[in-house]
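Novice: Any chance you can model this:
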Amino acid sequence: MIGTFVERFGSEDSSLADLRITCLIVMAFAGFLRISEVLHLRRNQINILNTHCEMFIDKAKTDVMRDGNIVPVARTDNSTCPVKRLERYLFKSKKKCSLI
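Specialist: A predicted model of the protein is given here:
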């Protein structure tokens, strides 16, 4: 289901809005995140590395102490790679402050 969604809305010629929603869905799925956690992500909370990316989730429903948590998301070699989707969205949008 995720693969079908990515094929339809995450192609090279997709609009920025389509790339954004594709990125959000794939990142939420790969990181086991709630939609509220993904929607509150900012660019400075994401660290992209060679093998994975790390997202700092500052507020989560299960974080009783409100310390935040780093969620790693692996880079894969398939079309639904969440890190690849994130890089494509950030490159096309050239945004520095927010994922949204």
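Novice: and the gap between the residue at minimal distance from the centre of the chain and L33?
Specialist: When Cα atoms, centre = their mean is applied to the chain, the residue found nearest the centroid is M27 (3.6 Å). Going from M27 to L33 by Cβ to Cβ, to the nearest Å gives 7 Å. C-beta here means a position set from N, CA and C on the backbone, and glycine is covered the same way.
Novice: okay, and the common contacts of these two?
Specialist: M55 (Cβ atoms under 8 Å, 6 or more residues apart in numbering).
Novice: Convert stretch 35-46 to PDB, retaining C-alpha atoms only.
Specialist: C-alpha atoms of stretch 35-46 as PDB (Å, rounded to 0.1, in the frame of the first residue of the first chain):
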ATOM      1  CA  ILE A  35       0.800  12.000  12.900                       C
ATOM      2  CA  SER A  36       1.100  14.700  15.600                       C
ATOM      3  CA  GLU A  37       4.700  13.800  16.100                       C
ATOM      4  CA  VAL A  38       5.500  14.100  12.400                       C
ATOM      5  CA  LEU A  39       3.600  17.300  11.900                       C
ATOM      6  CA  HIS A  40       5.600  19.000  14.700                       C
ATOM      7  CA  LEU A  41       9.000  18.100  13.200                       C
ATOM      8  CA  ARG A  42      11.200  21.000  12.200                       C
ATOM      9  CA  ARG A  43      14.200  20.900   9.900                       C
ATOM     10  CA  ASN A  44      16.700  21.500  12.800                       C
ATOM     11  CA  GLN A  45      15.300  18.300  14.500                       C
ATOM     12  CA  ILE A  46      16.400  16.100  11.600                       C
END
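Novice: distance of the residue of the chain most remote from its centre from G3?
Specialist: The C-alpha centroid of the chain is most remote from M65, which lies 24.4 Å away (Cα atoms, centre = their mean). Noted for M65: a distance of 37 Å to G3, by Cβ to Cβ.
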